[in-house]
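# here is a sequence together with a model predicted from it:
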Amino acid sequence: MSLYIGREASKKLWKRFWAEITTEINLLIENWKYLLARDHLSDEKQNFLLLQYIHGLAARGVHYFHRPGPVLQDVGFFLLPELGQEKAYISETVFTFVFISFVLWTFHPFILKSKRIYTVLLWCRVLACLVACQILRIVTFYSTQLPGPNYHCREGSKLATLPRPDNAVEVLLIVPRGILYGCGDLIFSSHMIFSLVFVRTYQKYGTQRFIKQCAWLIVVIQSLLIIASRKHYTVDIVVAWYTVNLVVSFIDYKLPELPDRTGGPSLLLPLTKRKPDKGRESQTLKWKLWRSCRSEAENSSEW
């Protein structure tokens, strides 16, 4: 009996899983331009993957202009003890946890019964926020190049400056080592962009209050760890906090709200308030007036 129940449960799970895949694939076919190619806030087409490549090129390009120098005076460096190169991985571990946790959560409708969001539509909003923030980041760190506080960006390090490229391929080719050991792309933190966008998204569309509180606490801890690891100045973190939140709020205001897939009153996604029907209101007032007049007439006839 238990074996039969287990088989039936697994069949229902697979049916729900494949139904969800079919739904999301249809949404992906309808919205692939918005997901990969089109900016929601303008009529210009911008490929998100291409922008990520451009962002990598920009970060590598500013590394050519970076000149190591004395680490600038920073309040966070005075208040937070330096972790050192041996413990610098802690901040990356926290960021990796936030990133993987959010990605897994966006795919939870494929398994769980609580289907409050569409994964494709949610990622459309997330990528729109990331695109806007990273464009602002490129403009910002190219405006002023600061001496990097990270260990490999200080004076005496061979990685602090890049030699002049011999050909265009060397500039256009982005390797993981260059991403990990970049210098000059400081204001503002890219790690904080992803973390704040993810946490703001879960704050709006998530259901567990305890997880929301933990998520904000983790982002605060990550901010302190980035400063303690000397990967960014405190100003990089502060600018990221208010810039990303303002960008997300602006995009939420501009983009239409996600549909409530439950079909009933949404406890998760705020719906647009329906404008009152003037014709229905006038009809209701006439009906109430007619009933009051009729009751007065009946009372007068009885008298």
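Noted; the coordinates are in hand.
# pretty sure residue 153 is touching residue 161, no?
No. Look at residue 153 against residue 161 with C-beta atoms under 8 Å: they stay out of range, at 9.1 Å. Any C-beta I mention is one placed from the backbone N, CA and C, and that applies to glycine too.
# what touches both of the two?
Common contacts of residue 153 and residue 161 (C-beta atoms under 8 Å, 6 or more residues apart in numbering): 66, 68, 183.
# tell me the secondary structure for the second one?
Which is residue 68. For residue 68, the secondary structure call by DSSP: H, G, I helix; E, B strand; the rest coil comes out as coil.
# that one: neighbouring residues, count only.
Per other C-beta atoms under 10 Å, the neighbour tally for residue 68 reads 18.
# can you tell me the element the closest residue to residue 174 other than its chain neighbours falls in?
Spatial nearest neighbour of residue 174, chain neighbours left out: residue 56 (4.5 Å); criterion: C-beta to C-beta, 6 or more residues apart in numbering. For residue 56, the host element (DSSP states H and E) is helix 48-65.
# I'd like the next helix or strand past that helix.
Following helix 48-65 in sequence order, the next helix or strand is helix 75-79 (DSSP H and E).
# that following helix: which residues count as buried?
Using 16 or more other C-beta atoms under 10 Å as the test for burial, helix 75-79 gives 76, 77.
# avg pLDDT for that helix?
Averaging pLDDT along helix 75-79 yields 94.
# kindly export it (C-alpha atoms) in CSV.
The C-alpha trace of helix 75-79 is given here as CSV (Å, rounded to 0.1, in the frame of the first residue of the first chain):
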residue,chain,number,x,y,z
VAL,A,75,36.6,54.8,8.2
GLY,A,76,35.7,51.2,7.7
PHE,A,77,39.4,50.2,7.7
PHE,A,78,39.8,51.9,11.1
LEU,A,79,36.7,50.2,12.6
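# tell me which residues are up against it.
Helix 75-79 is contacted from outside by 71, 149, 224, 227, 228, 230, 233, 234, 237, using C-beta under 8 Å, 6+ apart.
# can you list those in CSV and add pLDDT and neighbour count?
Below are the contacts of helix 75-79 laid out as CSV (pLDDT from 0 to 100; neighbours: other C-beta atoms under 10 Å):
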residue, pLDDT, neighbour count
71, 89, 17
149, 92, 23
224, 95, 15
227, 95, 25
228, 94, 20
230, 92, 23
233, 94, 26
234, 95, 20
237, 96, 21
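# between those, which is closest to residue 117?
Comparing these against residue 117 with C-beta to C-beta places residue 237 closest, at 29.3 Å.
# in whatever helix or strand the closest one lives in, what's buried?
Taking DSSP H and E as the criterion, the element that holds residue 237 is helix 234-254. Residues of helix 234-254 classed as buried under the neighbour-count rule (16+ other C-beta under 10 Å) are 234-241, 243-244, 247-248, 251-252.
# same check on stretch 205-221?
For stretch 205-221, a neighbour-count test (16+ other C-beta under 10 Å) marks 205, 206, 215, 218, 219 as buried.
# kindly report the same for stretch 149-162.
Neighbour-count burial for stretch 149-162 flags 149, 150, 151, 153, 154, 159, 160, 161, 162 (criterion: 16+ other C-beta under 10 Å).
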